[in-house]
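Participant: show me the folded form of this:
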Amino acid sequence: MKALVYTGVESLTYRDAPDPEPQAGEALIRVESVGICGSDMHAYLGHDSRRPAPLILGHEAAGTVIGGPLDGKRVTINPLVTCGNCPACISGRENLCATRQIISMPPREGAFAEMVRMPEANLIPVPDHVTLAKAALAEPLAVSWHAVRLGLEALHPSAERRALVLGGGAIGLAAALALNAMGVTDVTVVEPGDARQAYLTDRCGLRAIKTAEAMCPIVIDAVGYAATRTTASALADPGGAIVHIGLGEDAGGLDIRRMTLQEITFIG
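Facilitator: Below is the predicted model:
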């Protein structure tokens, strides 16, 4: 098969790669649409030691099953491969499985390729009226939906349902839409980029601003840099919650003293 292979810092090569060989309980999927995650960009820039070259990146994918009992099925992919037997998996929190693997990280190649192998349990059928291009967005949408749910569960019942989202990229936008879908209609997205801000406002009907000032019960950090963590820990209401889903850099920014004294919940 052909694949787009990460071969070194800022280097990608479109070349032949071995066809995936499905193991017992796995299916082969012809990839028809795949998204570019921020983690793929981090790897491409050489910032992710978990993704050493050479490696096929990409984990936001949808396509059609080739062969086997599911032949011809249109599916989207849950890229996390888990053991199914540990306490996390048994309790329905398989995303915390200690031995979990994700495609696009060794030992599993990713979906920037013509084909990818996945356990059949990781395949979600795509309705006929949903395009595979949209179905490839299921994984980032699921990330944001899960994060928002955790944040809302952390709020005291008396807290206002207002939210501030830092970052208007794919995850920030998905978080804002998830907040709306869960009944939080007072949502502000902080996005300094003009093009993204216009898209959020004009195409998505969201309130987008360049700089955050007002405090809020729930703050979603969809960027994950020290500067956004500084903003999050300054603007979370007393008793509020910070939900951190950005992976921009590893350390810095949190005002631990304020978070402690003001009983602010921090959720990864």
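
Participant: when you work out contacts or count neighbours from here on, use the C-alpha atoms and nothing else.
Facilitator: Fine.

Participant: the helix or strand bottoming out on mean pLDDT in the chain: how far from the chain's middle?
Facilitator: Lowest by mean pLDDT, DSSP states H and E among the helices and strands of the chain is helix 38-44, with a mean of 92. Centroid displacement of helix 38-44 relative to its chain, using CA atoms, centre = their mean, to the nearest Å, is 12 Å.

Participant: buried ones in that helix?
Facilitator: For helix 38-44, a neighbour-count test (16 or more other CA atoms under 10 Å) marks G38, S39, D40, H42, A43, Y44 as buried.

Participant: give me every residue that touches the fourth one.
Facilitator: Residues counted as contacts of H42 (CA atoms under 8 Å, 6 or more residues apart in numbering) are D48.

Participant: quick one: it and N78, what's the gap?
Facilitator: 21 Å (CA to CA, to the nearest Å).

Participant: and what of the third one?
Facilitator: Here the criterion is CA to CA. By it, D40 lies 16 Å from N78.

Participant: let me know the secondary structure of L173.
Facilitator: Here L173 is recorded as helix under DSSP: H, G, I helix; E, B strand; the rest coil.

Participant: pretty sure it sits against L200.
Facilitator: Yes: counting by CA atoms under 8 Å, L173 touches L200, with 7.5 Å between them.

Participant: what about the residue nearest to D255 when sequence neighbours are not counted, neighbour count?
Facilitator: Nearest residue to D255 in three dimensions, chain neighbours excluded: S233, at 5.7 Å (CA to CA, 6 or more residues apart in numbering). When counting by other CA atoms under 10 Å, one arrives at 24 neighbours for S233.

Participant: point me to the helix or strand that includes S233.
Facilitator: helix 226-235 (DSSP states H and E).

Participant: which secondary structure elements does that helix contact?
Facilitator: Counting contacts by 3 or more CA pairs under 8 Å, 6 or more residues apart in numbering; DSSP states H and E, helix 226-235 packs against strand 216-221, helix 256-261.

Participant: hmm, 7 Å instead?
Facilitator: In terms of contacts (3 or more CA pairs under 7 Å, 6 or more residues apart in numbering; DSSP states H and E), helix 226-235 is packed against strand 216-221.
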